[in-house]
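Chemist: build me a model from this:
(one chain, ligands or ions: 2)
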Amino acid sequence: MYNFNIFFIFKNLKTEEYQLNVELTIVHLLKFKIPDTMLLQNRVNKKELKKRIQEETTERITVSFYRYVIIDNPQELRNQLFEQWNQLNVLGRIYVAREGINAQICVPKENWELFKEHLFSDPRFADMPFKIAVEDDGKSFYKLTIKVRPKIVADGLDDDAFDVTNVGKHLTAKEFNEAMEIPDTIVVDMRNHYESEVGRFTGAICPDADTFREELPIVLEELKDKKDHKILMYCTGGVRCEKASAYFKHHGFTDVNQLHGGIIDYVRQIKAEDLPSKFIGKNFVFDERVGERITEDVIAQCHQCGAVCDTHVNCANDDCHLLFIQCDACAPKMQGCCTPECMHIAALPVEEQRALRKGRKKEDSLSVYKSRLRPNLKDILAAK
Ligand SMILES: [Zn+2]
Ligand SMILES: [Zn+2]
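Modeler: Ligands and ions are numbered 1, 2, ... in the order given. Down below sits the predicted model:
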């Protein structure tokens with residue numbers, strides 16, 4: 001409404017550019033008066049958003065989906081989705097690219113049917129298969145983020161160099177379990193180290209990689225003499241295997257199979273069909289839950305003391321935010337931080353923390369340990 005009035009007042013100004021500038025300035029000044037739903041991005045700070053989601057009483061459904069489909073104008077789609085989904089109070093993280101869409105979101109139960117109707121009405125997304133999270137309190141996300149990216153999964157591959165549609169055979173949970181029993185079958189975890197560290201299929205090869213991009217060449221090298229073996233690959237929701245399986249076939253692997261719908265759907269299927277879980281531990285997920293427990297097995301250790309533990313945390317120093325495993329004993333002792341340096345910074349008043357960040361160059365960053373990369377915290381602490 002404000003927007004319209006201002007536009008009306010200034011519409012007689014001389015140049016269009018000047019008019020636009022004035023308009024934008026005033027919209028900027030009045031931004032707190034514009035309802036959230038009219039904006040194409042979040043304007044509320046993280047703390048407030050987190051508080052809102054914790055206090056919310058709405059029941060939510062946490063769901064993930066992806067599809068490789070040609071999108072001519074990702075930015076336009078992005079804006080359109082943001083507007084629609086923001087109105088439906090959808091939260092989560094979505095990537096839109098020319099090659100498709102990849103989404104992890106939570107939707108209020110009362111808007112679920114409407115959401116599906118919206119999505120399916122676009123022929124590119126008709127009958128989208130959803131993967132619904134099992135262990136879920138609906139508080140997985142606290143804001144809606146939709147990003148336009150060059151790819152929906154950063155794989156570092158040149159898609160023109162091989163046939164991306166020549167994917168592996170999709171296996172159900174039951175088929176995957178059965179195939180695991182066949183001698184000489186090789187199970188490959190296509191996720192990153194920090195994901196397989198807390199949960200994996202028994203006997204799987206878990207490459208020591210921090211990104212999917214890094215992982216593909218590592219796996220290829222490791223399996224170069226096993227091109228005729230039965231390969232079973234899996235990832236969180238199936239999207240990474242779509243690309244990886246085609247890449248492996250391109251490199252001469254003859255029997256490439258992938259877990260359809262990934263671990264998320266595997267878990268749903270084994271529960272529905274009462275099958276044994278050959279996946280042990282936790283399924284790492286990219287949201288506030290960090291991990292979804294699948295079996296009671298705890299297969300990881302605290303990065304600080306080595307105790308049996310599989311709880312991922314982000315370092316409490318906002319500037320560091322390192323993702324690592326911290327046990328219940330180390331958490332209070334380290335005040336949720338990764339190192340004494342971070343403890344020191346996290347304890348400072350917020351303004352001082354900000355001043356510290358401001359006054360230094362990026363390469364001198366106090367966040368020595370980039371998020372998700374792996375310093376040996378145990379050795380670092382022992383050396384103190
Ligand atoms: Zn510990
Ligand atoms: Zn830290």
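Chemist: gap between K46 and ligand 1?
Modeler: Relative to ligand 1, K46 is positioned 27 Å away (C-beta to the ion, to the nearest Å). The way it works is simple: take the backbone N, C-alpha and C, and place the C-beta from them, glycine included.
Chemist: count the residues that sit near the residue of the stretch 1-150 of the chain found nearest ligand 2.
Modeler: Of all residues in the stretch 1-150 of the chain, the one sitting closest to ligand 2 is K46 (17.7 Å; C-beta to the ion). Using other C-beta atoms under 10 Å, K46 has 11 other residues around it.
Chemist: from memory it sits against Y142, does it?
Modeler: Yes. The pair K46 and Y142 qualifies as a contact (C-beta atoms under 8 Å) at a distance of 7.4 Å.
Chemist: the chain against ligand 1: which residues are in contact?
Modeler: Residues of the chain found near ligand 1 (C-beta under 5 Å from the ion) are 302, 304-305, 307, 327, 330.
Chemist: ok, of these, which one's closest to ligand 2?
Modeler: Using C-beta to the ion, the residues of the chain next to ligand 1 come closest to ligand 2 at Q304, 11.3 Å.
Chemist: so what's that closest one up against?
Modeler: 324, 326-327, 330, 334, 338, 377-378, 381 (C-beta atoms under 8 Å, 6 or more residues apart in numbering).
Chemist: make it 7 Å
Modeler: 326, 330, 334, 377-378, 381 (C-beta atoms under 7 Å, 6 or more residues apart in numbering).
Chemist: please determine how far whichever residue of the stretch 51-200 of the chain sits closest to ligand 2 is located from Y95.
Modeler: Residue nearest to ligand 2 within the stretch 51-200 of the chain (C-beta to the ion): Y194, separated by 15.1 Å. Using C-beta to C-beta, to the nearest Å, one gets 19 Å for the distance from Y194 to Y95.
Chemist: which of these two has more neighbours?
Modeler: Y95 (24 against 18).
Chemist: make sure that one is actually in contact with T145.
Modeler: No. Y95 is beyond contact range of T145, at 9.3 Å (criterion: C-beta atoms under 7 Å).
Chemist: what is the burial count for the nearest residue to A126 once chain neighbours are set aside?
Modeler: Nearest in space to A126, with sequence neighbours left out and distances taken as C-beta to C-beta, 6 or more residues apart in numbering, is F120 at 5.2 Å. Neighbours of F120 under the rule other C-beta under 10 Å: 12.
Chemist: ditto for D127
Modeler: The number of residues near D127, taken as other C-beta under 10 Å, comes to 8.
Chemist: returning to that earlier point: out of the contacts of Q304, who's nearest ligand 1?
Modeler: C330 (3.2 Å).
Chemist: phi first, then psi, for the closest one.
Modeler: phi -80, psi -30 (degrees, to the nearest 10).
Chemist: with K50 instead?
Modeler: phi -60, psi -40.
Chemist: show me the contacts for it.
Modeler: Y142.
Chemist: how close does it get to ligand 1?
Modeler: 25 Å.
Chemist: next: A272.
Modeler: A272 is 37 Å from ligand 1, by C-beta to the ion.
Chemist: now do the contacts for the nearest residue to A347 once chain neighbours are set aside.
Modeler: Closest residue to A347 apart from its sequence neighbours, by C-beta to C-beta, 6+ apart: Q335 at 7.3 Å. Going by C-beta under 7 Å, 6+ apart, Q335 touches 316, 343, 346.
Chemist: for Q335, report the pLDDT, please.
Modeler: For Q335, the pLDDT comes out at 96.
Chemist: element containing it, please.
Modeler: When elements are defined using DSSP states H and E, Q335 is found to belong to no helix and no strand.
Chemist: quick revisit: the residue of the stretch 51-200 of the chain closest to ligand 2 belongs to a helix?
Modeler: Yes. Membership of Y194 in a helix is supported by DSSP: H, G, I helix; E, B strand; the rest coil.
Chemist: that one contacts L322, doesn't it?
Modeler: No. Counting by C-beta under 7 Å, Y194 sits too far from L322 to count as a contact (10.6 Å).
Chemist: that older thread, from the residues of the chain next to ligand 1, which land in helices?
Modeler: Judged by DSSP state H, the residues of the chain next to ligand 1 include C330 as members of helices.
Chemist: CSV for the residues of the chain next to ligand 1, including pLDDT?
Modeler: CSV is the format used below for the residues of the chain next to ligand 1 (pLDDT from 0 to 100):
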residue, pLDDT
C302, 96
Q304, 94
C305, 94
A307, 96
C327, 96
C330, 96
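Chemist: may I see the residues of the chain next to ligand 1 organised as TSV, with distance to K230 added?
Modeler: What follows is the residues of the chain next to ligand 1, written out as TSV (distance: C-beta to C-beta, whole Å):
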residue	distance to K230
C302	36
Q304	40
C305	40
A307	37
C327	38
C330	41
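Chemist: buried ones only from the residues of the chain next to ligand 1, please, as a PyMOL command.
Modeler: Buried members of the residues of the chain next to ligand 1, defined by 16 or more other C-beta atoms under 10 Å, are picked up in PyMOL with:
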select buried, resi 302+304+305+327+330
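Chemist: identify the residues contacting Y142.
Modeler: 49-50, 53, 91.
Chemist: gap between the residue nearest to A347 and V313?
Modeler: For Q335 relative to V313 (C-beta to C-beta), the value is 11 Å.
Chemist: again, but for K227
Modeler: For K227 relative to V313 (C-beta to C-beta), the value is 40 Å.
Chemist: swap in N283?
Modeler: Relative to V313, and taking C-beta to C-beta, N283 is found at 17 Å.
Chemist: those two: who's more crowded?
Modeler: N283 (25 against 19).
Chemist: which residues sit against the helix or strand harbouring that one?
Modeler: Using DSSP H and E, N283 sits within strand 279-284. With contacts defined as C-beta under 7 Å, 6+ apart, strand 279-284 is touched by 194-195, 198-202, 236, 263-264, 266-267, 290-295, 297-299, 310.
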